[in-house]
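K.L.:
need coordinates for the below:
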Amino acid sequence: MNNFVRVCKRLKTSVYASVFLIVSIGLTGCIPAIIGAVAYSGAQSDATKQKFLDDFNKTNLEREKAGLKPIDYCVELRRFDAKMAEQDGECKKQTEMGAKESATPPSTQAAEVPLPPSVPKP
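P.N.:
Numbering: from 1, shown residues only. You can find the predicted model right below:
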């Protein structure tokens, strides 16, 4: 019986060692890949935002030359990338102000709805 306990302890230890070895070897390759992917993603999003800003400014400059009203930055950014717009400070303020304005009714007078011709007026 005592021999059986020793064998079980050795087996348990070797299983833990095997699992540790497999996990450490697996993560050795994964961690640098994950870090690289995150860094690449951040650089790519910065480049994407810079390209958007360049195109946006160019379009607005052309619109001003043509005498047209400039495009709203936040509206265009939301259309381009909603996640980027959520992270932008200027668009956050604009969204909060819009939410406050929509929470208050524009007027207290009820709008008069025209009745169809078949319904007599009261």
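
K.L.:
and stretch 76-84, C-alpha only, in PDB?
P.N.:
C-alpha atoms of stretch 76-84 as PDB (Å, rounded to 0.1, in the frame of the first residue of the first chain):
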ATOM      1  CA  GLU A  76     -18.200  61.600 -40.800                       C
ATOM      2  CA  LEU A  77     -15.900  59.800 -38.200                       C
ATOM      3  CA  ARG A  78     -18.900  57.800 -36.900                       C
ATOM      4  CA  ARG A  79     -19.700  56.800 -40.500                       C
ATOM      5  CA  PHE A  80     -16.100  55.800 -41.100                       C
ATOM      6  CA  ASP A  81     -15.400  54.000 -37.800                       C
ATOM      7  CA  ALA A  82     -17.900  54.000 -34.900                       C
ATOM      8  CA  LYS A  83     -15.300  52.700 -32.400                       C
ATOM      9  CA  MET A  84     -12.800  55.400 -33.300                       C
END
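
K.L.:
next, the buried residues of it.
P.N.:
76, 77, 78 (16 or more other CB atoms under 10 Å). (C-beta placed from N, C-alpha, C; glycine too.)

K.L.:
now name the helix or strand holding the nearest residue to the first one once chain neighbours are set aside.
P.N.:
Here the nearest residue to residue 76 in space, its sequence neighbours aside, is residue 56; by CB to CB, 6 or more residues apart in numbering that works out to 6.0 Å. Following DSSP states H and E, the helix or strand that holds residue 56 is helix 2-65.

K.L.:
noted, bye for now.
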